[in-house]
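A.B. asks: Below: sequence and its predicted model.
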Amino acid sequence: MRDITVFSGGAHPGLADSVCDILGINRSPATISRFSNDCLGAQLDASCRESDVFLIQPLVPPVQEHLMELLLMLDAARGASAARTTAVVPYYAYARSDKQDAPRISIGGRLVADLLAKAGANRLLTVSLHSPQVLGFFSVPVDHLNALHVLAAHFRGRDLGSTVVVSPDLGNVKSASQFARLLDLPVAAGRKQRISDETVVIDTIMGDVAGREILLLDDEISSGGTIVEMLGVLQKHGAAKVTVVCTHGLFTKDALRRIAVAPGVVEIVTTDTVPPPRDAQHHNLQVLSMAPLLASAIQNIHNGGSVSNL
């Protein structure tokens, strides 16, 4: 293989540019077109023959459009004789569809994994899958990063003497515990029942939060229903100031505003695995860059080095 070649679809070109700046290369151009019958087309506007190609494309809304762009770019890279093609998907939206929890329901996480491999992905690089079991859906190697070290670095140097890390549900306790260890803090968790995509009930908190400052950690915030519900429960249990922390801050609809105006919330911290909302500055949203971590992973993949140590 010769040089690293990086392309991006329309989902998050800013992140791709930041990664390329760190790697010391230019992002190669690609053209996404739409035909009169509404079909999409993708053309890679630079040679990638015998190159190590990385296609950076998180699956953010509109998810189906961006997924199709990625599939078409993978197919184009394979047809252009790329030596190896890695799909860099910082946010894998279909990880939430990981099981049959109702009769006759599709498992989207597995289907999309099959589509990526069939389109030409030789490997996947992703960040903080909502459900780690999705790793088993892929027939190609997967490098699975998490953002906990990046998030923890934001809080080092602060006075955290009365702080506790809180997970909004038991499913996220493992990540919350790892985050708490990085900052040498105790951990607590809510007991959640999901009623629908946007409605949850949290009936209790396991752990002491009364009078404590809170780092409320979740892997993903979409509609904000879980976080808003958890903020109310924390208030009832006497928690003090709350900082909301997540890896993937989609903040669909008015989720960011609802969280920002909730009693006790002093800061919201996320990463740029997805494009930040336009009104981020109005709601005290801090967006941390994942570009250095992704660039290191890309460099290690290219050189045959370890990614797990990142």
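C.D. replies: It's in.

A.B. asks: Kindly export the helix or strand Val245 falls within (C-alpha atoms) in CSV.
C.D. replies: Element membership of Val245 [criterion: DSSP states H and E] is strand 242-249. Extracted in CSV, the C-alpha atoms of strand 242-249 (Å, rounded to 0.1, in the frame of the first residue of the first chain):
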residue,chain,number,x,y,z
VAL,A,242,-25.3,18.8,37.3
THR,A,243,-23.0,18.6,34.3
VAL,A,244,-24.5,16.5,31.5
VAL,A,245,-21.8,14.5,29.6
CYS,A,246,-22.2,12.3,26.5
THR,A,247,-20.2,11.0,23.6
HIS,A,248,-22.8,11.4,20.8
GLY,A,249,-24.7,14.6,21.2
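
A.B. asks: roughly how far apart are the closest residue in space to Val201 that isn't next to it in sequence and Thr226?
C.D. replies: Spatial nearest neighbour of Val201, excluding adjacent residues (CB to CB, 6 or more residues apart in numbering): Gln193 at 4.8 Å. Quick note: C-beta positions are derived from backbone N, CA and C, even for glycine. As judged by CB to CB, to the nearest Å, Gln193 and Thr226 stand 11 Å apart.

A.B. asks: So which of these two has more stuff around it?
C.D. replies: Thr226 (23 against 10; other CB atoms under 10 Å).

A.B. asks: That one reaches Pro168, doesn't it?
C.D. replies: Yes - counting by CB atoms under 8 Å, Pro168 is a contact partner of Thr226 at 5.0 Å.

A.B. asks: So for those two, which residues contact both of them?
C.D. replies: Counting by CB atoms under 8 Å, 6 or more residues apart in numbering, the residues touching both Thr226 and Pro168 are Lys192, Ile202, Asp218.

A.B. asks: Turn those residues into a markdown table, including secondary structure and pLDDT.
C.D. replies: Output for those, formatted as a markdown table (DSSP: H, G, I helix; E, B strand; the rest coil; pLDDT from 0 to 100):
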| residue | secondary structure | pLDDT |
| --- | --- | --- |
| Lys192 | strand | 75 |
| Ile202 | strand | 77 |
| Asp218 | strand | 95 |
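
A.B. asks: ok now the lengthiest helix in the chain, how far from the chain's centre?
C.D. replies: Counting residues, the longest helix found in the chain (DSSP state H) is helix 63-79. Put simply, helix 63-79 sits 19 Å off its chain's centre (CA atoms, centre = their mean, to the nearest Å).
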